[in-house]
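Chemist: Predicted coordinates and the sequence they were generated for:
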Amino acid sequence: MIRLVKTKSMGRKEKFVYNIHTLTYEKVVIPFKTRIWQAFGFFSVVLVTSFALLALLYSWFPSPREKELVREIEQMEYKYSQLNGQVEMMGKVLTNIQQRDANVHRAVFGMDPIDKDIWMAGVGGHESHPELAAFKYGADAVGSTLEKVDLLSRQLALQSKSLDTLQQLANNQQNMLASLPSIKPVREDKLQKSIGTLSGFGNRIHPVYKVRKFHAGLDFPARVGTAIQATGDGVVVEAGWHSGYGNCIKISHGYGYESLYAHMNRMTVRPGEKVKKGHKIGEVGDTGLSTAPHLHYEVHYKGNPINPINFCMDNLTPQEYQQMVNSANMANQSLD
């Protein structure tokens, strides 16, 4: 039978075992190696337990630095959300400008809109930003926004180029509008009393030959000496006597347009001279093959005569213009 007995010796606990064979108490001696392993096991348990408690503590109670980082991340997420919303709004505004550009501005100048495939063509997400590959988190969100920004940049460049083109066309159009023969060659205050006696464009009875002949212009009856004005900006290409037309001036307006003024009493411009719309170029007369004082006026486009009535709407009321059209369309006798 073995019995364990504990005693105190000099403040230390000692263990004794009763040996039934020798009938004596024998002191229990623990080897040093065993003591080392016992101490190591104890400290290991303490260390593991401490790390576990610290992990739980940090998971439940973040440090001040972690709290600060969390706040910064939340603020960055909010700012990113705002930025993403602004990018989307800018995209919508730019799309609206592009639609107005296509449906209004380009339509006015007869231009085709920007091709839809070209307008919507992107520049490729993450492939255009290889630096995002280093990000483990948030690369998709940042890449999506950068892709939108790249698309906006491309569309802004296209729209800017389109507006530059439209500006150039507008400048050319302004020059073209100034050059077109778009006013009457005789002032309207000199025309009112004789507006009902116009002889228009088309087949008319010739006043001398008394047969129907094609009348290539519009006859404006007026007193001798009445001022004649250039109907558009241009250059005088002819100014002199012309068989049948008498004293005659021809002005080139560019863009394929020319105007002709015949039977003039006096000419005040010379060939090569530049004139502006409304500039006096001479006076009404009765020269050439004519039966009464009047101005014979023609408009040519690419060498072919066209009806001048379509270029004589300035400063006339709709009723007066319609009266002039009706008079010019009557199958009356021309004055030349």
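Modeler: Nice, thanks for sending it over.

Chemist: Quick check on V237: phi, psi?
Modeler: phi -100, psi -20 (degrees, to the nearest 10).

Chemist: Is there a neighbour count for it? I'd like the number.
Modeler: Neighbour count of V237, defined by other CB atoms under 10 Å: 13. Backbone N, C-alpha and C define where each C-beta goes, glycine included.

Chemist: go on, N247?
Modeler: Neighbour tally, N247, other CB under 10 Å: 20.

Chemist: For it, pull up the helix or strand it's in.
Modeler: Using DSSP states H and E, N247 sits within strand 246-254.

Chemist: next one: that strand to chain centre, how far?
Modeler: Per CA atoms, centre = their mean, to the nearest Å, the displacement of strand 246-254 from the mean C-alpha position of its chain is 41 Å.

Chemist: Show me what the longest helix that the chain contains packs onto, helices and strands only.
Modeler: Identified as the longest helix of the chain according to DSSP state H is helix 139-179. Helices and strands touching helix 139-179, by 3 or more CB pairs under 8 Å, 6 or more residues apart in numbering; DSSP states H and E, are helix 64-100, helix 116-120, strand 246-254.

Chemist: Redo the ones you listed as JSON lines? Include distance to L289 and mean pLDDT.
Modeler: Below are the helices and strands packed on helix 139-179 laid out as JSON lines (distance: least, CB to CB, whole Å; pLDDT from 0 to 100):
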{"stretch": "helix 64-100", "distance to L289": "55", "mean pLDDT": "78"}
{"stretch": "helix 116-120", "distance to L289": "60", "mean pLDDT": "69"}
{"stretch": "strand 246-254", "distance to L289": "7", "mean pLDDT": "94"}
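
Chemist: Nearest to D150, out of those?
Modeler: Minimum separation from D150 across the helices and strands packed on helix 139-179 (CB to CB) falls at helix 64-100, 10.6 Å.

Chemist: Could you give me the buried positions within the closest one?
Modeler: By 16 or more other CB atoms under 10 Å, the buried positions in helix 64-100 come out as 87, 94, 97-98.

Chemist: from memory L289 sits against H242, does it?
Modeler: No: contact between L289 and H242 fails when scored by CB atoms under 8 Å: they sit 10.3 Å apart.

Chemist: what's around the closest residue to L94 other than its chain neighbours, how many residues?
Modeler: Ranked by CB to CB, 6 or more residues apart in numbering and with sequence neighbours excluded, the top spatial neighbour of L94 is Q155, at 5.6 Å. Per other CB under 10 Å, the neighbour tally for Q155 reads 21.

Chemist: now do V28
Modeler: 12.

Chemist: Apart from its chain neighbours, what residue comes closest to it?
Modeler: Closest to V28 by CB to CB, 6+ apart is K15, at 4.0 Å.

Chemist: State whether that neighbour is indeed within a strand.
Modeler: Yes: assigned with DSSP: H, G, I helix; E, B strand; the rest coil, K15 falls within a strand.

Chemist: what's the spacing between it and V29?
Modeler: 9 Å (CB to CB, to the nearest Å).

Chemist: Over to D219?
Modeler: The value you get for D219 to V29, if CB to CB is used, is 147 Å.
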